[in-house]
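[1] Here you go, sequence then predicted model.
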Amino acid sequence: MKVAGLRVGAVLLAALLPGGGAKAADLSPGVDAWAGSYAMELRLASDTRLPLFGTQKSVTTSLMLVDVERTAGGWAQRHRVCDVRVDGSSAVRMIVPEAFVQGLAVRRYPAELKEGDEGVRYTADMGLEAIGFDPAVTGGALPQRADDPGVRDSDGDGSPGATVELRVPAAGRAKLFIVQRSHLVLDGRETAPDRIEGDVEVLVQEQRTLGAEPGFFARTPSTRPAPARSGFTLVRAPGVRSCDDLRRESGRLFPSS
């Protein structure tokens, strides 16, 4: 199968194997054409049991600007999160404020692209992500309380951890101050030129509520990943240069969402 029209007509053999002498069987023709700028939609589904409100099925969808690049050792991926929304099955709604999104770090991690019989195979290990705390201080573990060492005000709103909003019918709004820890691995394949789709493997997904306003809501929900409802789409987006561009073009890039 040809990849993206075989935009790269030749591969520099000397750059792949020191001193030249590369064998044709060692190369992935056309795979270098996948370096560039992309948009990603990452859908992470879960079943969450909220105290007093029962179990809610939800999907957290993140929109990301992504750069895929060649490195001396293979491939690397860099992303910036531009938007996060949570869609659920009940009237209780979780809102992720803009300050939460802006407080997320730009991240870089290894990726792998290989030519196969059915097109390009893709994997990316996103590594451990810590939100609202410093894992170097806690030894990687989630803090238990708001005043524990390592808790950080990651969104700069003056509250511990990162703040999300809970909107409850007849009860109004509540602010939850949370910390999160996750480790995701993406595994997909080429489904169309310049488009990769696949699954999300959840190695770690933890969250703790450190506090709330009003304090009645300061409870940590029980959450279980739902891999069958999770997934991702990575699509080349040469004209998308900013988060504003991505939010404006997301309906065109990801029409099924």
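    On my side now, so go ahead. Numbers count the residues shown, from 1 in each chain.

[2] alpha carbons only for contacts and neighbour counts from here, please
    Will do.

[3] Distance check, the closest residue to Asp125 other than its chain neighbours against Tyr38.
    In space, and not counting its chain neighbours, Asp125 is closest to Val185: 4.5 Å by Cα to Cα, 6 or more residues apart in numbering. Look at Val185 and Tyr38: by Cα to Cα, to the nearest Å, they are 18 Å apart.

[4] Next: Asp245.
    12 Å.

[5] what's the answer for Tyr109, then?
    Separation of Tyr109 from Tyr38 (Cα to Cα): 15 Å.

[6] who has more neighbours, those two?
    Tyr38 (24 against 13; other Cα atoms under 10 Å).

[7] before we move on, back to that, my read is that the residue nearest to Asp125 contacts Val204, right?
    No: if you go by Cα atoms under 8 Å, Val185 and Val204 don't touch, sitting 10.0 Å apart.

[8] Give me the helices and strands touching the longest helix seen in the chain, please.
    Longest helix in the chain, counting residues (DSSP state H): helix 243-253. Helices and strands touching helix 243-253, as assessed by 3 or more Cα pairs under 8 Å, 6 or more residues apart in numbering; DSSP states H and E, comprise strand 54-71, strand 74-88.

[9] any residues touching that helix, and which ones?
    Applying Cα atoms under 8 Å, 6 or more residues apart in numbering, the external contacts of helix 243-253 come out as 39, 63-65, 82-83, 235, 240, 257.

[10] Stretch 59-77 too?
    32, 34-46, 78-88, 108-113, 124, 229-230, 241-243, 246-247.

[11] ditto for stretch 194-202
    With Cα under 8 Å, 6+ apart as the test, stretch 194-202 has contacts from 4, 34, 44, 122, 182-191, 225, 227, 230-236.

[12] ranges for the helices of the stretch 101-250 of the chain?
    135-138, 243-253 (DSSP state H, counting those that start in this stretch).

[13] Single out the most deeply packed of those.
    helix 243-253 (a mean of 15; mean count of other Cα atoms under 10 Å).

[14] rewinding a little: name the residues linked to the residue nearest to Asp125 by a beta bridge.
    Asp125, Glu201 (DSSP bridges).

[15] and the closest residue to Thr123 other than its chain neighbours, what is it in contact with?
    Of all residues not flanking Thr123 in the chain, Asp187 sits nearest, at 4.5 Å (Cα to Cα, 6+ apart). Residues in contact with Asp187 (Cα under 8 Å, 6+ apart) are 121-124, 198-201.

[16] Tell me the bridge partners for the residue nearest to Pro238 when sequence neighbours are not counted.
    Closest residue to Pro238 apart from its sequence neighbours, by Cα to Cα, 6+ apart: Ser37 at 6.0 Å. For Ser37, the beta-bridge partners are Asp67 (DSSP bridges).

[17] Over to Arg78?
    Counting by DSSP bridges, the residues bridging with Arg78 are Asp67, Arg108.

[18] got a list of what it touches?
    Each residue near Arg78 by Cα under 8 Å, 6+ apart is listed here: 66-68, 106-109.

[19] What is the neighbour count of the nearest residue to Gly161 once chain neighbours are set aside?
    Spatial nearest neighbour of Gly161, chain neighbours left out: Gly132 (3.8 Å); criterion: Cα to Cα, 6+ apart. Each residue near Gly132 was counted by other Cα under 10 Å, and the total is 25.

[20] list the contacts for Gly132?
    Residues 151-154, 160-162, 178-180 are the ones in contact with Gly132 under the rule Cα under 8 Å, 6+ apart.

[21] Met126 too?
    Met126 neighbours (Cα under 8 Å, 6+ apart): 108-110, 183-186.

[22] Make a PyMOL selection of the buried ones in those.
    This is the PyMOL syntax for the buried subset of the contacts of Met126, where burial follows 16 or more other Cα atoms under 10 Å:
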select buried, resi 108+110+183+184+185+186
